[in-house]
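Novice: Predicted model and sequence below, questions to follow.
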Amino acid sequence: MDYAPLILSLKLASITTVGLLLIGAPLAYLLVFFPMRGKIFIDSILGLPLVLPPTVFGFFLLILMGSEGVVGRLHEAALGRPLIFTFGGIVVAAMLHGIPYVIQPLKSTYAKLDPRLLESAAVLGCSKTASFFRVILPNSLPGIAGAAILTFAHTMGEFGVILMIGGSIPGETKVASIAIYEFVEAMRYQEAWQLSLALLAISYLILLTFHLLNRKQYGR
Amino acid sequence: MPPHKRLTSWLCLALLIISAPAWAENNLAIATAVNFINPMTELTGTFTSQHNIKTDVSYGSSGKLFAQMEHGAPYDIFLSADRKRPQILHEQGICGQPFSYAQGSIVLWSGKQITFSSWQKALQNSTGKIAIASPESAPYGEEAYGALIAQNLVQRVKPQLIYGQSVGQTFLFAAKGGASFSFIALSQAISTDGKKGFYLPVPEAKPVEQWGCIAIKAKSRDSAQEFKTFLLSAEGRHISMKYGYR
């Protein structure tokens, strides 16, 4: 049994999760605490990946990231090699597709923070940036962990988007879900089973961790 | 009737409507390999107008449709892109005797003008990605890969290969994704979108033998038989040939 696709999925999910947290934590902060005109438009755009079918989202990315697309051209002009059909390409795609899975839980965590904490921080002379790092982040750890696990789990199962822009290159873009799909298509059901079971076990462990963290958070 | 009971009955009715099959009971259900989509559209149109039998065609990769048939999908006819799958369904007692209905050929397609005279030279002088349907599951990928092996090109081009799940996706990779070349079916190359690019024949790839079969449990074996007869008739063959099949 070849577990390379599973390892690739784990690698993709880890990088995507870290990347999305780094972008998502401050972004959610901006969206919650900074008054902005037209915020609902931004919120709606960021929620699109939840609503669009993954293949549709993947098709848009294929057009954008392909050699004729805006993003594809920029990337090729800047780095001299294409973005699409590479591991970097599926990381970018998985991050774009995972945005709501990190933004939504973080926003609700931030919104539930006691406003007095922030007011005290302001009175004590904390800048907005300092209060983000010293007040908001430390008080949002369970929410951040939850967002991380949701994103990780979602990316482990990412399929439609990668199907559209990956090209199923072994060791590069052939992740577990794609490999399982190919095993089924090739009538290699035994191997499809094994890989599916492995994915099932990992998914279960992730959800279990998620619920354990939740229980800790609410003291139940 | 108390309001909540009334609500419940409306919900039940709604569920019944939703759960009713989307296709009409007596339409002929045909599962077709996606490479055959263009001739199939015309074939079913002509068939329906001549025989007054409506058809519902589902398109997918042969592998996926095969797996669905194995698990009891209610298709009356299965038109695969290979010979192996209808044969297995026949041996499993799901399908009747398989029949050959078309032969497809493989070409090397590019969105840009090809300056070389043969597909081998074109590949040897390319550094871009080369799209091919998955050789393990897609018949067109299998034969294209066979041609690469026969020409000793596998080692040379392997790092450039990207894999589509069907010839449809393989075409998309070159048409929109920026792969330099893709191995597709001739029928795609001469379609409206395919004509926007250029292609070279790949005579070293064996023709793809497309076989089909009629399900034992077909709702109406007579209608299914009629469609098969039409598909294999001179008129049916003529339509298939227009779209690049033999």
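Specialist: Received the coordinates, thanks.

Novice: and the helix or strand bottoming out on mean pLDDT in chain A, what other elements does it pack with?
Specialist: Comparing every helix and strand of chain A by mean pLDDT, DSSP states H and E singles out helix A:189-218 as the least confident one, with a mean of 86. Using 3 or more Cβ pairs under 8 Å, 6 or more residues apart in numbering or on different chains; DSSP states H and E as the contact definition, the elements that helix A:189-218 packs against are helix A:4-33, helix A:141-156, helix A:176-185. No exception for glycine: its C-beta is placed from N, CA and C like everyone else's.

Novice: can you count the residues close to B:Leu123?
Specialist: Applying other Cβ atoms under 10 Å in any protein chain shown, we find 21 other residues in the vicinity of B:Leu123.

Novice: my read: it touches B:Lys158, true?
Specialist: No - no contact is recorded between B:Leu123 and B:Lys158 when judged using Cβ atoms under 8 Å, the distance being 11.3 Å.

Novice: For chain B, what lies in contact range of chain A?
Specialist: In this structure, chain B approaches chain A at residues B:61, B:63-64, B:66-67, B:88, B:129, B:131, B:134, B:136-138, B:161-165, B:169, B:172-173, B:176-179, judged by Cβ under 8 Å from any Cβ of the partner chain.

Novice: ok, 7 Å please
Specialist: By Cβ under 7 Å from any Cβ of the partner chain, the part of chain B that sits against chain A consists of B:61, B:63-64, B:67, B:129, B:134, B:136-137, B:162-163, B:165, B:173, B:176-178.

Novice: ok, back up a step: buried residues in the least confident helix or strand of chain A?
Specialist: Of all the residues in helix A:189-218, those buried under the rule 16 or more other Cβ atoms under 10 Å in any protein chain shown are A:191-192, A:194-196, A:198-199, A:202, A:206, A:210, A:213.

Novice: could I get those residues as a markdown table with distance to B:Leu232?
Specialist: Formatted as a markdown table, the entries for the buried residues of helix A:189-218 read as follows, by distance: Cβ to Cβ, whole Å:
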| residue | distance to B:Leu232 |
| --- | --- |
| A:Glu191 | 37 |
| A:Ala192 | 35 |
| A:Gln194 | 41 |
| A:Leu195 | 40 |
| A:Ser196 | 40 |
| A:Ala198 | 46 |
| A:Leu199 | 44 |
| A:Ile202 | 49 |
| A:Ile206 | 53 |
| A:Phe210 | 57 |
| A:Leu213 | 63 |
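
Novice: list the contacts for the nearest residue to A:Gly24 once chain neighbours are set aside?
Specialist: Using Cβ to Cβ, 6 or more residues apart in numbering or on different chains and skipping residues adjacent in sequence, the residue nearest A:Gly24 is A:Val102, 3.7 Å away. Counting by Cβ atoms under 7 Å, 6 or more residues apart in numbering or on different chains, A:Val102 makes contact with A:20-21, A:24, A:147, A:151.

Novice: Which helix or strand contains A:Val102?
Specialist: helix A:87-112 (DSSP states H and E).

Novice: and after that helix, which helix or strand comes next?
Specialist: Downstream of helix A:87-112, the first helix or strand assigned by DSSP H and E is helix A:115-123.

Novice: Show me what that following helix is packed up against.
Specialist: Based on contacts counted as 3 or more Cβ pairs under 7 Å, 6 or more residues apart in numbering or on different chains; DSSP states H and E, the elements that helix A:115-123 packs against are helix A:128-131.

Novice: Buried ones in the helix it packs on, by neighbour count?
Specialist: Of the residues in helix A:128-131, those buried by neighbour count under the rule 16+ other Cβ under 10 Å are A:Ser131.
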